[in-house]
Each structure stands twice: as structure tokens, then as C-alpha cells.
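Student: return atomic coordinates for the entry below.
(chains A and B)
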2 protein chains.
Amino acid sequence: MAYLNENYLKLQSGYLFPEIARRVREFCENNPGAAKSLIRCGIGDVTEPLPQAAVQAMKRAVEELGVRETFRGYGPEQGYEFLRSKIAQTDYRQRGIEITDDEIFLSDGSKCDCGFILDILGQQNKIAITDPVYPVYVDTNVMAGHTGYISADGSYEGLLYLPCTARNDFVPEPPEEHIDVAYLCFPNNPTGAVASRKQLARWVDYAREHETLLLFDAAYEAYITDPDIPHSIYEIPGAFECAVEFRSFSKTGGFTGVRCGFTVMPKSVLAKTASGKKLPLHPLWHRRWSTKSNSVSYPVQRGAEALYSEAGRGQVRELIDHYLGNARILRDAAKSVGFTVHGGTNAPYIWVETRSGMTSWQTFDWMLQQLNVVITPGSGFGAKGEGFFRISAFNSRSNAEEVGERLRKAS
Amino acid sequence: MAYLNENYLKLQSGYLFPEIARRVREFCENNPGAAKSLIRCGIGDVTEPLPQAAVQAMKRAVEELGVRETFRGYGPEQGYEFLRSKIAQTDYRQRGIEITDDEIFLSDGSKCDCGFILDILGQQNKIAITDPVYPVYVDTNVMAGHTGYISADGSYEGLLYLPCTARNDFVPEPPEEHIDVAYLCFPNNPTGAVASRKQLARWVDYAREHETLLLFDAAYEAYITDPDIPHSIYEIPGAFECAVEFRSFSKTGGFTGVRCGFTVMPKSVLAKTASGKKLPLHPLWHRRWSTKSNSVSYPVQRGAEALYSEAGRGQVRELIDHYLGNARILRDAAKSVGFTVHGGTNAPYIWVETRSGMTSWQTFDWMLQQLNVVITPGSGFGAKGEGFFRISAFNSRSNAEEVGERLRKAS
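Tutor: Okay, the predicted model is just below:
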């Protein structure tokens, strides 16, 4: 009989969002009246329609495929040149970051890329993640056999957890010990924290000293409003030698259902064999895509390209301003009733301290029952998330205002 | 420094299609006149436009995303119910195969699925593939560390190769020895062979006796014209306990650039832990998708759904009839000038024996230079592909007719 991958059996059953769904369902069944006014600020999913530039481009691309003369079959496995060059040019070279077109690899989302990157890495790496953390980084490492079993506090043996607390402004310093791979995500999900140039420079310095590979998730970079905060890890000198960057159109063009993102894999990033031979990761990543994928749907690539048009950029800006406007409303409301609030100014997430003595799940229940608002309990993102909850700003303006009102009334 | 996955270094540089491209480029540069009349029957990529049912459905779906009231963000990670149930109902239950909706897992193509399936399997499996073979099965196993190094004959240590020759009608018998996992693909790429009910039954019997997992690639099932040939492995009694099936919309709806396929993972398929505990693979596969993906682009899922409408089914039928018509023309032409021809009646590929004394690459060069036609040399698919070449029927009718003419004239 075939052997299964036993590492999957180490996974904690994905309890966070199913448990939220269970509690919400139970509440709605018992409170059909309140259910009608339920507002969801839990999952970080966009709510506003796709930019018209993307809609029109995708429709045109679909039409092209319906005509023999303009039909296209398999595209390049790493993505079409028209989109790779647009990204490299607009997001990088125009900002003084020398990324070549063929260092951009398209994918159907940065969630996928964060998992796929492990395909090309070895089994021996010592890996660091932050706490709290986006669960995909952890779970994909568990699946790949890079961890032991889960401990009572919810952490996995074999991973190094870097606490993100109010004390370090939710940006951890590099550790004392040696690590081979570190996941960093700024603006951060779930805390909404951003890393300053100095903080990122300390990470790049550490990475160059320890030859650590930084996996930098910049899915929320478009939400940065502070002009001093870097949008890309490559704004930091030395990062070309040690960092891979992930980006997404999910939270810019509202592509959570359309699916498109990309990885930046500079040719100068090296990794080593067990015998110490140093080789670039770029050819491995290229080969991974050639063998395991046929890239992103052609109409989707045209939709993503359209986000870079003048109209598209304006429409994306409007979307981001909309969600950041929600964040401000939610942040101000929570603050005005005495909550201690983090994030939400350079990110679509607000990270709120629970009231004294309340756990994050107790706060979840209180918000659900008293305000009919769904949030995400911080402990779902890791042990250091206890004592916090996350409010997502992805909503309509009227819902954001209504949540603000309810917070004010209930407090 | 991070360790890289050294298994990638075992991969033979994907020499087949790059080498074809190099020779074609060189020929065109040296023969600009002939280059104009070049006809490509190499890569198995469709040429005809997308069915209008899919075009219209995708355009409607894109429009939905452009309106707040009908916008959708993240969909279910395993695919939308509307498509999973359509597939399970139409492709399986209506044909008497009891597959439930939640045993269908959508993906962006069966190339991807063939690689991803290894995510949930252990490292200890003894794996069999056919020779010749679709290179993705081999290369993904090399990447996953399931093989040793490559031998002089192009085979990898640690894999069991099952020869497919004219003697066994290109359908191998199950081996004498025990294997844990076997890849089967019928109708076959590259040989165009199909497996009879009896032949498949011998495989299922073997699989049940040895508790072998069959990975059954049915990407070309729609090309079966012989009513006695099974379209699905699940038509064979006992297959629900031992087989996973891969299917694709690439060669039915012409989705090679649109990207959609699916896996059928019956809940009754078990695999074991090192200590011998037997567990279903279904929850692992479900978890794989939850953690590593956000499923297929929503407009693409609507496009695939439309292929099941009455109009869509008619349009798909026309496409397949078109390509099978090409196959008949190419087959007849090759036969009429003395080639020994296999495949091409239940598959879009024709597997032709080279003329005596000629290798498959020599035949490639002869076809390129004398006929200005690009084919695929059989040796690119494995050692047992030497002495054959593959002609793809994916082309316009006029190109297929022209290739037939040139074969007749040159011979």
C-alpha cells in the first residue's frame, strides 16, 4: 500500500476559521433577528467590485480566445512577458530597484507561492517565523516535514518563533542564534505593523552575516501611507543577495477570486548543497514552474496588466483609499471607547488589545453577541496573539461606519 | 545559508522541447523561405478557438465581479460547488459511477495535479511509470527525492519503468514485483494507445492485491471513439479503493491557456503510515488545497461549467471531432506512404515507427528539412520511445491536410 505523507498528521486541524464559522452559525440559529444585522470583519477578503480596467481587459482577453486568429493556448510557464515586464518596470525599476523581467514569476496568488517556495529548499533548514503569524507559513513547513509535533502552547517543535509584541512594536529583531530561513511579512497580517527602513536593514545585515534567506511577504505593500516605510525589501542595500519577495494583486486589484500574484527571485540569491556548494535559486524556481505549472489563466494575466494602466492605477488607488478609510473609522471608534489599538494606518488590519482579563475568544464572543460583529481572535494566529483581536477593514463604508457606531454604543 | 533541494540537481535539463526549438530556429534562420511554410505538429497544444459557451460564461462572470452586488472574493479552496457537482453528476454519476461532489477537487490543470499529488504521499513509495511517458510524472518524482541519479539510458534509478511497445500494444501488464504507486495514462500521451476493460481490470486486480495506488491520467478520455474502451478507471470494479483520476478541460474545451482541470479522490482510497496504520487520502488532499491554494479563478470555473451546458457540450464535441478528423488525415497519409502507424483513433496523437535504420531525431531532422513539418522525436519521452515519432493532431484542418500532402509527395 502506498505510504502517505505523515507530516500531514501533525497538523492541528485548521481550527481557527472553522471554529469562527461554527460559533457564528450557532449564534445566528439562536438569534435569527440579530443574524440579519451581522457584520463580518473576520476573514481578510475584499468586498468592493473589480476595477473596471481589469473587467474590460479580461473581457477582451476572453473574446480573443474565442476567435481563431487571436486564440492562444499554453503560455510561458513563468508568465507572459507583457505582465512580467510591466511588473518589473512599474513596481521595481521605476522605483530605482534593478529587477529584471525574468526575475518576476507569476502565480495564482502569494498564498500559493509561500507554500511552493519550499519545493526548492532543502530539508535541513532552521526556520524562523513570527508569532503571531499567517498560518500558511507554519502549515506548509509542517507538511514538508520541517517541524516536529505541536506543543501544548500551539507551537511546533523545530521552528523558531519570534515574538511580536507591543514592546517591539510588533517587529521582531533578528534572533541571537543562527537561522537559515526567515519569513517576514510587512505590512503585517494580522498585526497591521510595518517595519521601518532601519528595522529591515538590521534583518538584511543579519541575513548577510548568517547567509539567511529572507522570505519577504509584501502582499499589503500598497497600503503603506507613511513615505518613510519601504514597500519592497529590495529598497534595503544587500537584499538582492538574500531575499525573495512575494506580492499579490488580491488586495490591490481585489483579485482574491480572480487569482494572481508573483514572486521576485533575484538571480543573485544563492543557497547551498549539503556539501557547501553555493548555487543560485533562480534556475530551480524556473524549473519548478516549467515542470509543475502552465502559469496563470491568460485573461487573468491581461486583467493584472490592466491594473498598471493609467485608469487601472487610479481605480486601485481608490480601492485602497476606500479600505484605508474604513480602517481609520474602525480604529478611531475602537480608540474612542478605550481600546488600545495598533495597525490600521499602513495596513487594512487593526490589531486591538482585549480588555483586561478577557481572552481573545471571550472578546470574540462578546463582539458577536453584543455587537453582532465578527472579528478574528488573536490567539488563532499564535500564542503571542492572545490578548488581541483583529478587525479587518475590508468592508463597505456603511458597514465600517455601523461597526464604529455599535462599538461606541456598546462601550 | 539556506539549503536548496538537491534533488533538482538530478534533473536532466529539460532537453526535449528546448532542443526542438533550437533545431527549428536554426533551420528557419538558414531557410527563410521554407520557414514561411513551416507547420508545427510538435507540442500537444490546441489551436481552435474557445467554445462560445465558455466565452460567454466567462465574460458574464467577469462582469459579475465588476458589480458590488455580485462581486465574489475568495471561493472554496477545493472549488465552487456549482462546478464540482456538475462534473460529478455529468462525467460520473450519469454514467453509473458513484462519485460524490466533494470527491471532485478543482485545479488549474492536470499537469499541476500530477505534481501536487506527491505532496500527500510518503517518501518510501516504490513507484512505477511507463516508458515512453509524459515527462512530468518522472520529473516531479525526481524533484521530490523519490529517485536516484539518471543513468546513461536516460532512466532514473529507483523508478520502475514499464516498457510500452508494439508487442504489448503500448499497454503494459502489471509488473511481477510489488509497487506502491503506478502512473497510468489512457488514452496515452505520447503513444495514443488506449487500454481495454480487460487490461485495466488486470491493473485494478494487481492494485487490490498489492494495495497499489493507481494514478490514472484521463486527460484525453474525450477522444475515445471505441464504445468498449472505458473513459474512467472507475468503470472497473474495485477501482474506488485504489485509484485517483486526473482530468482536464485543456483538450476538451481548449483550456490550455485558460487553465482548469480536476482530480477525483474517492474517500475509499487508503494509504498507510510507516507503522502500517491505514488512513484515507481524501482528508490530506482536502487539507493540501485548503492550505496551499485558493482554487481556480472564478470566471474560469464559470467557463468550465458552461462546457456542460447543452450548447457547450455540442461545441466541445465539434472540437474533438475536428481534431480526430485531423488525426485520421495524418494517420491515413503516413500509412499510405508506408509508415507503420499507431494511435490516432482514440487519441489526438499518432505514434509512428521511424523508417528502418533511422533514429527518432534523424526522422525529426528529415521531417523538418524535407517536409518543413515539426514533430516530436519519440526518444524524448523515454528510451522505449526510440524508433518512433509523435505527430500531434492539434492543428487547423488545412494544416493537417497540407502535412498529409507533403508526406505523400516526399515519400
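Student: can we go C-alpha only for contacts and neighbour counts from here?
Tutor: OK.
Student: need the residues of the stretch 51-200 of chain A near chain B, please.
Tutor: When proximity is defined as CA under 8 Å from any CA of the partner chain, the stretch 51-200 of chain A approaches chain B at A:51-52, A:55, A:58-59, A:62-63, A:65-68, A:71-75, A:109, A:111-112, A:115-116, A:119-125, A:136, A:139-140, A:143, A:180-181.
Student: low-scoring stretches of the stretch 1-150 of chain A, by residue?
Tutor: Under the criterion pLDDT under 70, the flagged ranges of the stretch 1-150 of chain A are A:14.
Student: let's see that with 90 instead.
Tutor: The model of the stretch 1-150 of chain A has pLDDT under 90 over residues A:12-19, A:21, A:42-44.
Student: ok, now the stretch 251-400 of chain A?
Tutor: With pLDDT under 90 as the threshold, the stretch 251-400 of chain A has low-confidence stretches at A:356-357.
Student: what subset of the residues of the stretch 51-200 of chain A next to chain B is buried?
Tutor: Burial of these was assessed by neighbour count (16 or more other CA atoms under 10 Å in any protein chain shown); the buried members are A:51-52, A:55, A:58-59, A:62-63, A:65-67, A:71-75, A:109, A:111-112, A:115-116, A:119-123, A:125, A:136, A:139-140, A:143, A:180-181.
Student: now, which of those lie within strands?
Tutor: The members of these that map onto strands under DSSP state E are A:Val181.
Student: A:Asn372 against A:Lys36, yeah?
Tutor: No - using CA atoms under 8 Å as the test, A:Asn372 is too far from A:Lys36 to be in contact (9.1 Å).
Student: give the contact list for A:Ala128.
Tutor: If a contact means CA atoms under 8 Å, 6 or more residues apart in numbering or on different chains, then A:Ala128 has A:159-162, A:179, A:181-183 as its contacts.
Student: tabulate those residues (CSV), appending distance to B:Trp361 and pLDDT.
Tutor: Formatted as CSV, the entries for those read as follows, by distance: CA to CA, whole Å; pLDDT from 0 to 100:
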residue, distance to B:Trp361, pLDDT
A:Leu159, 51, 98
A:Leu160, 53, 98
A:Tyr161, 55, 98
A:Leu162, 56, 98
A:Ile179, 49, 98
A:Val181, 44, 98
A:Ala182, 47, 98
A:Tyr183, 47, 98
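Student: of those residues, buried ones?
Tutor: Applying 16+ other CA under 10 Å to the contacts of A:Ala128, the neighbour count classes A:159-162, A:179, A:181-183 as buried.
Student: looking at those residues, which is nearest B:Val171?
Tutor: Among the buried ones among the contacts of A:Ala128, A:Val181 lies closest to B:Val171 (CA to CA), at 46.0 Å.
Student: contact partners for the closest residue to A:Met1 other than its chain neighbours?
Tutor: Computed as CA to CA, 6 or more residues apart in numbering or on different chains, the closest residue to A:Met1 that is not its neighbour in sequence is B:Glu211, at 4.2 Å. Applying CA under 8 Å, 6+ apart to B:Glu211 gives the contacts A:1-2, B:180, B:242.
Student: phi and psi next, for B:Glu211.
Tutor: phi 50, psi 50 (degrees, to the nearest 10).
Student: show the pLDDT at it.
Tutor: pLDDT recorded at B:Glu211 is 97.
Student: again with A:Ser411
Tutor: Each residue has a pLDDT score; the one for A:Ser411 is 71.
Student: I'd say it and A:Phe339 touch.
Tutor: No - no contact is recorded between A:Ser411 and A:Phe339 when judged using CA under 8 Å, the distance being 9.8 Å.
Student: between those two, point out the one with more neighbours.
Tutor: For the pair A:Ser411 and A:Phe339, the greater number of neighbours falls to A:Phe339 (16 against 11), based on other CA atoms under 10 Å in any protein chain shown.
Student: report whether stretch A:241-252 contacts chain B.
Tutor: No - interface with chain B: stretch A:241-252 contributes nothing (CA under 8 Å from any CA), its closest point being 8.8 Å away.
Student: just the ones of the buried ones among the residues of the stretch 51-200 of chain A next to chain B in helices?
Tutor: A:52, A:55, A:58-59, A:62-63, A:65, A:111-112, A:115-116, A:136, A:139-140, A:143 (DSSP state H).
Student: which of those sit farthest apart?
Tutor: Longest span within these, CA to CA: A:Glu63 and A:Met143, 40.5 Å.
Student: related to what we said a few turns ago, let me have the contacts of B:Glu211 in TSV, extended by secondary structure and distance to B:Trp285.
Tutor: Listed next are the contacts of B:Glu211 as TSV, based on DSSP: H, G, I helix; E, B strand; the rest coil; distance: CA to CA, whole Å:
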residue	secondary structure	distance to B:Trp285
A:Met1	coil	17
A:Ala2	coil	14
B:Asp180	coil	18
B:Cys242	coil	15
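Student: between the residues you listed, which is closest to A:Glu173?
Tutor: Ranking the contacts of B:Glu211 by separation from A:Glu173, with CA to CA as the measure, puts A:Ala2 on top at 44.0 Å.
Student: enumerate every residue touching the residue nearest to that closest one when sequence neighbours are not counted.
Tutor: Computed as CA to CA, 6+ apart, the closest residue to A:Ala2 that is not its neighbour in sequence is B:Asp180, at 4.6 Å. With contact taken as CA under 8 Å, 6+ apart, B:Asp180 is in contact with A:1-3, B:125-127, B:210-213.
Student: any idea which of the residues you listed is closest to A:Thr225?
Tutor: Nearest to A:Thr225 out of these is A:Tyr3 (CA to CA; 50.2 Å).
Student: okay, and the beta partners of the closest one?
Tutor: Beta bridges link A:Tyr3 to B:Lys272, judged by DSSP bridges.
Student: these two touch, right, it and B:Ile120?
Tutor: No - in this structure, A:Tyr3 is not within contact of B:Ile120 by CA under 8 Å, at 9.0 Å.
Student: now stretch A:215-228: average pLDDT?
Tutor: Confidence over stretch A:215-228, taken as the mean pLDDT, stands at 98.
Student: got the CA coordinates for that stretch in PDB?
Tutor: Coordinates of each C-alpha in stretch A:215-228 appear next as PDB, following Å, rounded to 0.1, in the frame of the first residue of the first chain:
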ATOM      1  CA  LEU A 215      11.100  35.200   2.500                       C
ATOM      2  CA  PHE A 216       9.500  38.700   2.400                       C
ATOM      3  CA  ASP A 217       5.800  38.800   2.000                       C
ATOM      4  CA  ALA A 218       4.800  42.200   0.700                       C
ATOM      5  CA  ALA A 219       1.200  41.400  -0.200                       C
ATOM      6  CA  TYR A 220       0.000  44.500   1.600                       C
ATOM      7  CA  GLU A 221       2.600  47.000   0.500                       C
ATOM      8  CA  ALA A 222       0.100  49.100  -1.400                       C
ATOM      9  CA  TYR A 223      -1.500  50.100   2.000                       C
ATOM     10  CA  ILE A 224       1.700  51.900   3.200                       C
ATOM     11  CA  THR A 225       0.900  55.600   3.600                       C
ATOM     12  CA  ASP A 226       4.000  56.600   5.500                       C
ATOM     13  CA  PRO A 227       6.500  57.800   2.900                       C
ATOM     14  CA  ASP A 228       9.500  56.600   5.000                       C
END
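Student: and stretch A:9-20, what's buried?
Tutor: Neighbour count says stretch A:9-20 has A:10-11, A:16, A:20 buried, by 16+ other CA under 10 Å.
Student: again with stretch A:36-47
Tutor: Of the residues in stretch A:36-47, those scored as buried under the neighbour-count criterion (16+ other CA under 10 Å) are A:38-47.
Student: same check on stretch A:364-382?
Tutor: Of the residues in stretch A:364-382, A:364-365, A:367-369, A:371-382 count as buried by neighbour count, 16+ other CA under 10 Å.
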